[in-house]
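In: quick one, fold the following:
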Amino acid sequence: MEPNASSVHREPWNKGKIVGQKAPFKLKDIWALRIRLQMEGRVRELALFNLGIDSKLRGCDLVALKVRDICHGDQVASRAIVMQHKTQRPVQFEITPATRDAVQAWIKLAELRSDDFLFPSRIHESPHLGTRQYARILGGWVHDLGLDPADYGTHSMRRTKATLIYRRTKNLRAVQLLLGHSKLESTVRYLGIEVDDALEISEQTEI
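Out: Next up is the predicted model:
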(Lines give C-alpha, C1' and ligand atoms only; values in the text may rest on other atoms or scores of the structure.)
Protein backbone atom coordinates (compact mmCIF):
# COMPACT_ATOMS: atom_id res chain seq x y z
CA MET A 1 0.00 0.00 0.00
CA GLU A 2 1.38 3.35 -1.02
CA PRO A 3 1.66 5.85 1.82
CA ASN A 4 -0.59 8.87 1.64
CA ALA A 5 1.24 11.84 0.11
CA SER A 6 0.53 13.95 3.15
CA SER A 7 2.11 11.36 5.43
CA VAL A 8 5.39 11.06 3.53
CA HIS A 9 8.22 12.34 5.70
CA ARG A 10 10.35 14.93 4.01
CA GLU A 11 13.55 16.32 5.46
CA PRO A 12 13.39 20.07 5.94
CA TRP A 13 15.46 21.89 3.32
CA ASN A 14 17.54 23.61 6.00
CA LYS A 15 18.34 20.55 8.12
CA GLY A 16 22.00 20.59 9.03
CA LYS A 17 22.49 24.01 7.49
CA ILE A 18 23.03 27.32 9.16
CA VAL A 19 20.30 29.67 8.03
CA GLY A 20 20.70 33.42 8.27
CA GLN A 21 23.62 35.76 8.38
CA LYS A 22 27.18 34.62 7.89
CA ALA A 23 29.68 35.28 10.65
CA PRO A 24 32.14 38.18 10.40
CA PHE A 25 35.82 37.34 10.60
CA LYS A 26 37.61 37.92 13.90
CA LEU A 27 40.69 40.12 14.15
CA LYS A 28 42.96 37.14 14.76
CA ASP A 29 41.62 35.47 11.62
CA ILE A 30 42.15 38.62 9.54
CA TRP A 31 45.78 38.92 10.57
CA ALA A 32 46.46 35.19 10.26
CA LEU A 33 45.16 35.18 6.70
CA ARG A 34 46.99 38.37 5.72
CA ILE A 35 50.29 36.92 6.90
CA ARG A 36 49.62 33.65 5.08
CA LEU A 37 48.74 35.40 1.80
CA GLN A 38 51.83 37.62 2.08
CA MET A 39 54.19 34.75 2.84
CA GLU A 40 52.81 32.67 -0.04
CA GLY A 41 53.00 35.58 -2.49
CA ARG A 42 49.29 35.47 -3.30
CA VAL A 43 49.23 39.09 -4.44
CA ARG A 44 45.80 39.13 -6.09
CA GLU A 45 44.14 37.40 -3.14
CA LEU A 46 45.75 39.75 -0.62
CA ALA A 47 44.48 42.76 -2.57
CA LEU A 48 41.01 41.20 -2.86
CA PHE A 49 40.86 40.30 0.83
CA ASN A 50 42.10 43.66 2.12
CA LEU A 51 39.87 45.67 -0.19
CA GLY A 52 36.89 43.47 0.62
CA ILE A 53 37.36 44.14 4.34
CA ASP A 54 37.95 47.89 3.95
CA SER A 55 35.25 48.62 1.39
CA LYS A 56 32.42 46.70 3.08
CA LEU A 57 30.98 46.28 -0.42
CA ARG A 58 28.64 43.51 -1.49
CA GLY A 59 30.41 40.85 -3.52
CA CYS A 60 28.78 41.96 -6.78
CA ASP A 61 30.12 45.51 -6.30
CA LEU A 62 33.58 44.44 -5.15
CA VAL A 63 34.29 42.19 -8.14
CA ALA A 64 33.04 44.84 -10.59
CA LEU A 65 35.43 47.57 -9.42
CA LYS A 66 37.61 49.19 -12.05
CA VAL A 67 41.07 50.55 -11.40
CA ARG A 68 39.80 54.10 -11.93
CA ASP A 69 37.20 53.62 -9.16
CA ILE A 70 39.88 53.53 -6.48
CA CYS A 71 42.83 55.33 -8.05
CA HIS A 72 43.82 58.93 -8.56
CA GLY A 73 46.20 58.82 -11.48
CA ASP A 74 48.59 55.95 -10.83
CA GLN A 75 48.13 55.98 -7.06
CA VAL A 76 45.50 54.16 -5.00
CA ALA A 77 43.32 56.73 -3.23
CA SER A 78 42.72 56.85 0.53
CA ARG A 79 38.95 57.09 -0.09
CA ALA A 80 36.61 56.03 -2.86
CA ILE A 81 32.93 56.38 -3.77
CA VAL A 82 31.09 53.58 -5.55
CA MET A 83 27.52 53.32 -6.82
CA GLN A 84 25.93 50.22 -5.34
CA HIS A 85 24.36 47.89 -7.87
CA LYS A 86 21.54 46.71 -5.58
CA THR A 87 20.36 50.09 -4.28
CA GLN A 88 21.74 52.51 -6.87
CA ARG A 89 22.94 54.60 -3.93
CA PRO A 90 26.54 55.85 -3.64
CA VAL A 91 28.64 54.63 -0.76
CA GLN A 92 32.00 55.95 0.38
CA PHE A 93 34.74 53.89 1.96
CA GLU A 94 38.26 54.30 3.26
CA ILE A 95 41.26 52.44 1.88
CA THR A 96 43.84 51.91 4.61
CA PRO A 97 47.59 52.12 3.94
CA ALA A 98 48.05 48.33 4.08
CA THR A 99 45.25 47.85 1.57
CA ARG A 100 46.62 50.59 -0.70
CA ASP A 101 50.01 48.85 -0.72
CA ALA A 102 48.43 45.46 -1.49
CA VAL A 103 46.23 46.84 -4.28
CA GLN A 104 49.10 48.87 -5.75
CA ALA A 105 51.28 45.75 -5.85
CA TRP A 106 48.51 43.83 -7.61
CA ILE A 107 47.91 46.58 -10.19
CA LYS A 108 51.63 46.66 -10.97
CA LEU A 109 51.95 42.88 -11.17
CA ALA A 110 48.89 42.49 -13.42
CA GLU A 111 49.85 45.57 -15.48
CA LEU A 112 46.35 46.98 -15.15
CA ARG A 113 45.32 50.25 -16.74
CA SER A 114 42.81 52.81 -15.49
CA ASP A 115 39.88 51.42 -17.49
CA ASP A 116 40.59 47.77 -16.62
CA PHE A 117 38.62 45.79 -14.08
CA LEU A 118 40.59 45.59 -10.86
CA PHE A 119 40.10 41.83 -10.64
CA PRO A 120 39.94 40.45 -14.20
CA SER A 121 38.49 36.99 -14.58
CA ARG A 122 40.69 34.11 -15.63
CA ILE A 123 37.67 32.73 -17.47
CA HIS A 124 37.47 34.14 -20.99
CA GLU A 125 33.67 34.49 -20.99
CA SER A 126 33.70 36.88 -18.03
CA PRO A 127 35.36 40.33 -18.06
CA HIS A 128 35.90 40.36 -14.32
CA LEU A 129 35.95 37.98 -11.37
CA GLY A 130 32.46 36.57 -10.86
CA THR A 131 30.65 36.36 -7.55
CA ARG A 132 30.83 32.55 -7.65
CA GLN A 133 34.58 32.68 -8.26
CA TYR A 134 34.87 35.15 -5.40
CA ALA A 135 32.88 32.78 -3.16
CA ARG A 136 35.21 29.91 -4.08
CA ILE A 137 38.28 31.99 -3.28
CA LEU A 138 36.75 32.95 0.06
CA GLY A 139 36.01 29.28 0.70
CA GLY A 140 39.72 28.63 0.28
CA TRP A 141 40.52 31.31 2.85
CA VAL A 142 38.07 29.80 5.31
CA HIS A 143 39.68 26.41 4.77
CA ASP A 144 43.17 27.89 5.25
CA LEU A 145 42.04 29.32 8.60
CA GLY A 146 40.55 26.01 9.71
CA LEU A 147 37.08 27.55 10.11
CA ASP A 148 33.71 25.94 9.40
CA PRO A 149 32.73 26.81 5.80
CA ALA A 150 29.04 26.67 6.77
CA ASP A 151 29.55 29.72 8.98
CA TYR A 152 31.14 32.00 6.39
CA GLY A 153 30.32 33.50 3.01
CA THR A 154 31.05 36.59 0.95
CA HIS A 155 28.81 38.63 3.26
CA SER A 156 31.26 37.79 6.05
CA MET A 157 33.64 40.21 4.33
CA ARG A 158 31.02 42.96 4.20
CA ARG A 159 30.07 42.48 7.84
CA THR A 160 33.57 42.19 9.35
CA LYS A 161 34.71 45.81 9.61
CA ALA A 162 31.17 47.09 10.14
CA THR A 163 30.81 44.78 13.14
CA LEU A 164 34.19 45.79 14.56
CA ILE A 165 33.33 49.49 14.18
CA TYR A 166 29.98 49.02 15.90
CA ARG A 167 31.49 47.07 18.80
CA ARG A 168 34.10 49.74 19.38
CA THR A 169 31.91 52.83 18.95
CA LYS A 170 28.27 51.72 19.33
CA ASN A 171 27.63 54.29 16.58
CA LEU A 172 24.84 52.80 14.48
CA ARG A 173 24.47 55.86 12.26
CA ALA A 174 28.13 55.73 11.26
CA VAL A 175 27.85 52.04 10.38
CA GLN A 176 24.63 52.73 8.46
CA LEU A 177 26.46 55.29 6.30
CA LEU A 178 29.45 53.01 5.77
CA LEU A 179 27.22 50.14 4.63
CA GLY A 180 25.10 52.42 2.43
CA HIS A 181 21.84 51.42 4.10
CA SER A 182 18.87 53.75 3.59
CA LYS A 183 17.24 52.75 6.88
CA LEU A 184 18.73 52.37 10.33
CA GLU A 185 16.53 49.31 10.87
CA SER A 186 18.38 47.57 8.06
CA THR A 187 21.69 48.17 9.83
CA VAL A 188 20.29 46.85 13.11
CA ARG A 189 19.15 43.65 11.41
CA TYR A 190 22.35 43.33 9.41
CA LEU A 191 24.58 43.54 12.47
CA GLY A 192 22.28 41.27 14.45
CA ILE A 193 21.94 43.83 17.21
CA GLU A 194 19.35 43.12 19.86
CA VAL A 195 16.47 45.60 19.87
CA ASP A 196 17.10 46.48 23.52
CA ASP A 197 20.71 47.28 22.71
CA ALA A 198 19.64 49.53 19.84
CA LEU A 199 17.07 51.34 22.01
CA GLU A 200 19.62 51.87 24.76
CA ILE A 201 21.98 53.53 22.28
CA SER A 202 19.12 55.63 20.92
CA GLU A 203 18.15 56.79 24.42
CA GLN A 204 21.70 57.93 25.08
CA THR A 205 21.69 60.08 21.96
CA GLU A 206 20.26 63.50 22.70
CA ILE A 207 19.03 65.70 19.86
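
In: end-to-end on stretch 166-174?
Out: Terminal residues of stretch 166-174 are spaced 8 Å apart (C-alpha to C-alpha, to the nearest Å).

In: same question, stretch 76-94
Out: The first and last residues of stretch 76-94 sit 11 Å apart, counting by C-alpha to C-alpha.

In: then stretch 67-82?
Out: Counting by C-alpha to C-alpha, you get 12 Å between the two ends of stretch 67-82.

In: quick check: mean pLDDT of stretch 166-180?
Out: The average pLDDT for stretch 166-180 rounds to 84.

In: when you give positions from now on, start the count at 145
Out: Right, with 145 as the first residue, what we last looked at is stretch 310-324.

In: for residue 194, give me its contacts.
Out: 178, 240, 242, 243, 246, 247 (C-beta atoms under 8 Å, 6 or more residues apart in numbering). Where C-beta positions appear, they are placed from N, C-alpha and C, glycine not excepted.

In: buried subset of those residues?
Out: Neighbour-count burial (16 or more other C-beta atoms under 10 Å) is assigned, among the contacts of residue 194, to 178, 243, 246, 247.

In: need the max-distance pair from those.
Out: Between all members of those, the longest pairwise span (C-beta to C-beta) is found for 178 and 247 and amounts to 13.4 Å.

In: all strands of the chain, in order?
Out: Counting by DSSP state E, the chain has strands at residues 215-216, 219-220, 223-227, 234-238.

In: buried ones in stretch 298-305, by neighbour count?
Out: Quick answer for stretch 298-305 (16+ other C-beta under 10 Å): 298, 299, 300, 301, 302, 303, 304, 305.

In: closest to residue 291 among the contacts of residue 194?
Out: Looking across the contacts of residue 194 and measuring by C-beta to C-beta, the closest to residue 291 is residue 178, at 15.1 Å.

In: pretty sure that closest one is touching residue 190, no?
Out: Yes - contact status for residue 178 versus residue 190: in contact at 6.8 Å, counting by C-beta atoms under 8 Å.

In: okay, now the unreliable bits of the protein?
Out: Residues of the chain that meet the criterion pLDDT under 70 lie in 145-164, 268, 337-351.

In: which residues in the chain form helices?
Out: Residue ranges of the helices in the chain, as given by DSSP state H, are 171-183, 187-199, 203-207, 211-214, 241-254, 275-289, 298-313, 316-323, 328-335, 339-347.

In: to what extent is the nearest residue to residue 288 once chain neighbours are set aside buried, counted in neighbours?
Out: In space, residue 288 comes closest to residue 180 once its chain neighbours are excluded; the distance is 6.0 Å by C-beta to C-beta, 6 or more residues apart in numbering. The number of residues packed near residue 180 is 15, by other C-beta atoms under 10 Å.

In: residue 180 is in contact with residue 284, isn't it?
Out: No - Residue 180 is beyond contact range of residue 284, at 10.8 Å (criterion: C-beta under 8 Å).

In: which neighbours do the two share?
Out: When contacts are counted by C-beta under 8 Å, 6+ apart, residue 180 and residue 284 have no shared neighbour.
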